[in-house]
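Engineer: give me a 3D structure for the following:
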Amino acid sequence: MLLIPDFSGAHEMNTKVLDLACAAVLGTILTLGLWPFHAPSNGVAWLGSRNGLRFTGHGTVISTGVFGTSAAPRADFAGSLEIWLQPRIIWDRGTLLAFSAPEDLFRFSLRYSEADLRVEATLPDGRGRPRIASLSVEDVFRRATPAFITVTAGARGTAVYVDGVPIRAAPWFRLGPDQWTGRLILGDAPGQTDTFEGRLLGVAVYGRELTPHEARQNYEAWTREGRPPAREEAGRLALYLFDERAGSMVHDRGGRGIDLSIPKKYSVFHQIFLEPVWSEFNYSRSYWSAALKNIVGFLPFGFCFCARLSMSRRSSRAVLITVVLGALASVTIEVLQSQLPTRDSGTTDIITNTLGTWLGAALFHKSPARALLGLVVRPKSARVAYADHRR
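Structural biologist: Okay, here's the model as predicted:
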């Protein structure tokens, strides 16, 4: 009589091991994708020793009212911004200030990347279609002291001053009345988290273009007295001195009465739900680094789930089922991330996670692990035949 070894015990043991491995991989992915599982406290506090706010971790401040739309045509638009701040460290990045509305999130923003300042706005291109334009000023924050930044817009385009000195003029970067309207956000971006860490000492918004002489005088007054000169009240839309030093409100000290609120919990203004891949795509190193991490992160998912499914009746479709499960897990994570202010919800992650799942499943089929499982795993039909033979 031909004796066939009974691998049923080994089969059950390997099934349990793979079940535990799949559960551990899925739990790890969900934890990494959804941590910290809730909205953290808003990382904004008063300096105490002087006027100003300190931003740490995830923090934001948002206006309680809406800055109105000017009736002036784009060619006649004029305005100015002043912001006095100091990033916590030089080699960092985040959004300092933004104007936003639900129907047009990315109207205008001031960002910093490492030591450089970036002015970004949604402007019409040559065909009148909206696009995000960017104006860069290098080495603004390569210093150990606060920087006083002035941005003016008018018929001659946009100019950027640092400590009252003109640094960059851009006649082609022509802002309009749509850019400086909507809700004012300080320390973060609309749509998705992009927080600033450091000290914010003062902000002013004007409905006219400051002259180079006024920009210089205002810088000297801010740094000497902690506020702009009284003569600048004409045309001023908002003035925030951050002199309350307590509470959850920052009051407008000389504009149109639009105060700022410091929320108790951190939140993102109109957080984006599943941002399209064409909107997310860019050539930055951070984008490609995140894409690579997403692919590598789902390799274990594809490997373990494909190994487990290869031990079942559906072994012939193990790769396909594994890829579908990986895509469903990724979609679930991205949908839940849209409810977490510290995470970004986008379709790029779904694509890269699914790709990582497929690569993990393919790796299992090409690895010695598949052959090793074949030595100890027998289909159920083979075990039944063996049992009949024993009878």
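Engineer: contact partners for residue 347?
Structural biologist: 274, 275, 276, 277, 280, 334 (C-beta atoms under 8 Å, 6 or more residues apart in numbering). For every residue, glycine as well, the C-beta is placed using N, CA and C.
Engineer: cutoff 10 Å now
Structural biologist: Residues near residue 347 by C-beta atoms under 10 Å, 6 or more residues apart in numbering: 274, 275, 276, 277, 278, 279, 280, 330, 331, 334.
Engineer: what's the answer for residue 200, then?
Structural biologist: Going by C-beta under 10 Å, 6+ apart, residue 200 touches 44, 47, 51-55, 59, 61, 83-86, 96-97, 146, 186-187, 240, 242, 250.
Engineer: make a ChimeraX selection of the buried ones in the residues you listed.
Structural biologist: In ChimeraX, a selection of the buried entries from the contacts of residue 200 looks like this (16 or more other C-beta atoms under 10 Å):
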select :44,51,52,53,54,55,59,61,83,84,85,96,97,146,186,187,240,242,250
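Engineer: and the contacts of residue 347, which is closest to residue 180?
Structural biologist: residue 279 (23.1 Å; C-beta to C-beta).
Engineer: the closest one in helix, strand or coil?
Structural biologist: At residue 279 the chain is in helix, as set by DSSP: H, G, I helix; E, B strand; the rest coil.
Engineer: from residue 132, how far off is it?
Structural biologist: 10 Å (C-beta to C-beta, to the nearest Å).
Engineer: mutual contacts of these two, please.
Structural biologist: residue 106.
Engineer: more crowded one of those two?
Structural biologist: Between residue 279 and residue 132, counted using other C-beta atoms under 10 Å, residue 279 has the larger neighbour count: 14 against 11.
Engineer: thought residue 287 was touching that one, still the case?
Structural biologist: No - Residue 279 is not in contact with residue 287 according to C-beta atoms under 10 Å; the separation is 11.9 Å.
Engineer: give me the common contacts of those two.
Structural biologist: In contact with both residue 279 and residue 287: residue 348, using C-beta under 10 Å, 6+ apart.
Engineer: what's the burial count for residue 38?
Structural biologist: Neighbours of residue 38 using other C-beta under 10 Å come to 11.
Engineer: now do the contacts for residue 248.
Structural biologist: Applying C-beta under 10 Å, 6+ apart, the residues near residue 248 are 42, 44, 61, 260, 261, 262, 263, 264.
Engineer: switch the cut-off to 7 Å
Structural biologist: Applying C-beta atoms under 7 Å, 6 or more residues apart in numbering, we find residue 248 in contact with 261, 262.
Engineer: one more: residue 147?
Structural biologist: 85, 86, 140, 141, 162, 163.
Engineer: find the nearest non-adjacent residue to the last one, please.
Structural biologist: With C-beta to C-beta, 6 or more residues apart in numbering as the measure, residue 148 is the residue that lies nearest to residue 163, at 5.2 Å, once sequence neighbours are left out.
Engineer: which element is that neighbour on?
Structural biologist: Element membership for residue 148 (DSSP states H and E) is strand 147-154.
Engineer: in that strand, which residues are buried?
Structural biologist: 147, 148, 149, 150, 151, 152, 153, 154.
Engineer: pLDDT on whatever helix or strand comes next after it, on average?
Structural biologist: Proceeding N to C from strand 147-154, the next assigned helix or strand is strand 157-162, under DSSP H and E. Computed over strand 157-162, the mean pLDDT rounds to 97.
Engineer: pull the helix or strand following strand 157-162 out as CSV, backbone CA atoms only.
Structural biologist: Next along the chain after strand 157-162, taking DSSP H and E as the criterion, comes strand 165-170. Extracted in CSV, the C-alpha atoms of strand 165-170 (Å, rounded to 0.1, in the frame of the first residue of the first chain):
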residue,chain,number,x,y,z
VAL,A,165,13.9,97.0,1.3
PRO,A,166,12.5,96.2,-2.2
ILE,A,167,13.8,92.7,-3.1
ARG,A,168,11.7,91.5,-6.1
ALA,A,169,9.5,93.2,-8.7
ALA,A,170,7.3,91.1,-11.0
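Engineer: what does strand 165-170 contact?
Structural biologist: 135, 137, 157, 158, 159, 160, 161, 212.
Engineer: any idea of the pLDDT on residue 362?
Structural biologist: 93.
Engineer: same deal with the one 4 residues further on?
Structural biologist: Residue 366 carries a pLDDT score of 82 in this model.
Engineer: got the buried residues for stretch 89-96?
Structural biologist: Quick answer for stretch 89-96 (16+ other C-beta under 10 Å): 92, 93, 94, 95, 96.
Engineer: what's the one helix or strand residue 215 maps to packed up against?
Structural biologist: If you go by DSSP H and E, residue 215 is part of helix 212-225. On a contact count with 3 or more C-beta pairs under 7 Å, 6 or more residues apart in numbering; DSSP states H and E, helix 212-225 meets strand 147-154.
Engineer: change it to 8 Å
Structural biologist: strand 79-87, strand 147-154, strand 157-162, strand 165-170 (3 or more C-beta pairs under 8 Å, 6 or more residues apart in numbering; DSSP states H and E).
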